[in-house]
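Trainee: curious how this folds, go ahead:
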Amino acid sequence: MLKDTGERVIPENMKITNELLLEHIARYHFAAPYVHGRVLDFATGAGYGAHITAKKGKKRVSEVIGVDIDQEVVDYAQKTYYHPLTKYIQGDVTDPHLPDRLGQFDTILSFETIEHVEDEKQFLLNIYQLLKPGGTLVLSTPFGQGRGKPCGSPFHVHQLTIEEFKNLFHDYTEARFYYQKGALIEPDGFETNDHKPLGIVVCKK
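Mentor: Numbering: from 1, shown residues only. Have a look, this model is predicted:
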């Protein structure tokens, strides 16, 4: 049994009504229509998202690579969420050699990762180099008080503001923004007075 760190989503250890689980699964289902070709699930965790991606995109996907820094998690994902299209490997999302090691991808998914990363610039550079021209990036993060400011989670370096998040993707030819609350994901511009706790971007390189 994989150890629960308090932040990691492990569906086998959670109730089906768990809001955190529903929220995480919703993002992979949201991303499914954008997924094609060779796919990277960057910071894949327990592997359930890569598995969803392979199952839902099997007619459009040639390969799904799930990368995680923790070898124990990689082993768990390979055992628990095996699929013929999916492979899990150990790797650091800020390793500058990762693009040479992995090659390029048609689609990159990275959900709830950037808030954990000290070297934000290298992480984003890796994503850009790993993505093929014309490829699609789907990335999410929770919002907070901003870069360099303390946040409520002991697992996060910080949590970006909406404006800081939107300013990360100017190098892409297209960036569309969405907001998530629970399992509900709405496009930017949808009129609501509700707090927007999470952001998702869909980018074209």
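Trainee: show me what the closest residue to residue 144 other than its chain neighbours is bridged to.
Mentor: Counting by CB to CB, 6 or more residues apart in numbering, residue 144 lies nearest to residue 159, which is 2.5 Å off, once chain neighbours are set aside. Placement of C-beta: from N, CA and C, glycine included. Beta bridges link residue 159 to residue 146, judged by DSSP bridges.
Trainee: would you agree residue 159 is in contact with residue 150?
Mentor: No - between residue 159 and residue 150 there is no contact under CB atoms under 8 Å: 9.5 Å.
Trainee: of the two, which one has the most company?
Mentor: Taking neighbours as other CB atoms under 10 Å, residue 159 and residue 150 compare with residue 159 leading, 23 against 12.
Trainee: so what pLDDT did the more buried one get?
Mentor: According to the prediction, residue 159 has pLDDT 88.
Trainee: now residue 131
Mentor: Each residue has a pLDDT score; the one for residue 131 is 98.
Trainee: now do the contacts for the residue nearest to residue 144.
Mentor: Applying CB atoms under 8 Å, 6 or more residues apart in numbering, we find residue 159 in contact with 115, 141-146, 151, 153.
Trainee: and of the residues you listed, the nearest to residue 62?
Mentor: Checking the contacts of residue 159 against residue 62 with CB to CB, the nearest one is residue 141 at 27.8 Å.
Trainee: against which helices or strands is the helix or strand containing that closest one packed?
Mentor: Assigned by DSSP states H and E, residue 141 belongs to strand 131-142. Applying 3 or more CB pairs under 8 Å, 6 or more residues apart in numbering; DSSP states H and E, we find strand 131-142 packed against helix 19-31, strand 105-111, strand 198-204.
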